[in-house]
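A.B. asks: Below is the structure, and that's it, no one-letter string:
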């Protein structure tokens, strides 16, 4: 994990510049960055881990409805949007990094069945921070998490989204 300083430093940005720079960290949910900025930023938020903690707290403290909006903004893993090339650049890199672009037809069919079962049970897409995982581990996680209650799974999805945010922020210091 990197604790390099983000550039530009988040604590030095005005609201508009901060949201322009970090509003895409949470998939189609710039309100997380906006509300985090409104709560105040200091030097401790100038690192990926510090900013991820602040933004993660914003999402954890949001209403269940707002959390569900963020969860629902995520694409299915190895789903139709990936096949059609309609993912955000971050999601495309993340899914490819886990080998989801190399699935066999059988694996793609299994992902589709699990995506459908998961959405039928929870009414939102399966979200997992896939960095460091492979498609086999992701499929295993799908099966295990289908056993969760809706409340457990909403909390798990938020934890995973916050991990994704940390990975995205760390990637910005490596570029």
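C.D. replies: Arrived safely. All values derive from a computational prediction rather than experimental measurement. Numbering: from 1, shown residues only.

A.B. asks: quick one: terminal-to-terminal distance for stretch 30-45?
C.D. replies: Taking Cα to Cα, to the nearest Å, stretch 30-45 runs 17 Å from one end to the other.

A.B. asks: Which positions within it qualify as buried?
C.D. replies: 31-37, 41, 45 (16 or more other Cβ atoms under 10 Å). For the C-beta atoms, the positions are set from N, CA and C on the backbone; glycine is no exception.

A.B. asks: again, but for stretch 98-113
C.D. replies: 98-100, 103, 107-108, 110-111.

A.B. asks: Nearest spatial neighbour of residue 172, chain-adjacent residues omitted?
C.D. replies: residue 6 (6.2 Å; Cβ to Cβ, 6 or more residues apart in numbering).

A.B. asks: how near is the one you found to residue 174?
C.D. replies: Distance, residue 6 to residue 174, by Cβ to Cβ, to the nearest Å: 11 Å.

A.B. asks: how many other residues sit next to residue 28?
C.D. replies: Close neighbours of residue 28, defined as other Cβ atoms under 10 Å, add up to 14.

A.B. asks: ok, it - contacts?
C.D. replies: 73, 88 (Cβ atoms under 8 Å, 6 or more residues apart in numbering).

A.B. asks: Give me the pLDDT value at it.
C.D. replies: Note on residue 28: pLDDT of 94.

A.B. asks: what kind of secondary structure is it in?
C.D. replies: With DSSP: H, G, I helix; E, B strand; the rest coil as the basis, residue 28 sits in coil.

A.B. asks: so of the buried residues of stretch 30-45, which ones are in helices?
C.D. replies: 31-37 (DSSP state H).

A.B. asks: rewinding a little: you'd agree the residue nearest to residue 172 is up against residue 170?
C.D. replies: No. Look at residue 6 against residue 170 with Cβ atoms under 8 Å: they stay out of range, at 9.5 Å.

A.B. asks: Can you pull the phi/psi pair for residue 117?
C.D. replies: phi -60, psi -40 (degrees, to the nearest 10).

A.B. asks: hmm, back to that, between residue 6 and residue 174, who's got more neighbours?
C.D. replies: Of the pair residue 6 and residue 174, residue 6 is the one with more neighbours under other Cβ under 10 Å, namely 20 against 8.

A.B. asks: quick one: that one and residue 137, what's the gap?
C.D. replies: As judged by Cβ to Cβ, residue 6 and residue 137 stand 29 Å apart.

A.B. asks: next one: residue 60
C.D. replies: Distance from residue 60 to residue 137, by Cβ to Cβ: 25 Å.

A.B. asks: Same check on residue 59?
C.D. replies: From residue 59 to residue 137 the distance is 24 Å (Cβ to Cβ).

A.B. asks: And for residue 149, the neighbour number?
C.D. replies: Other residues lying near residue 149 total 10 when counted by other Cβ under 10 Å.
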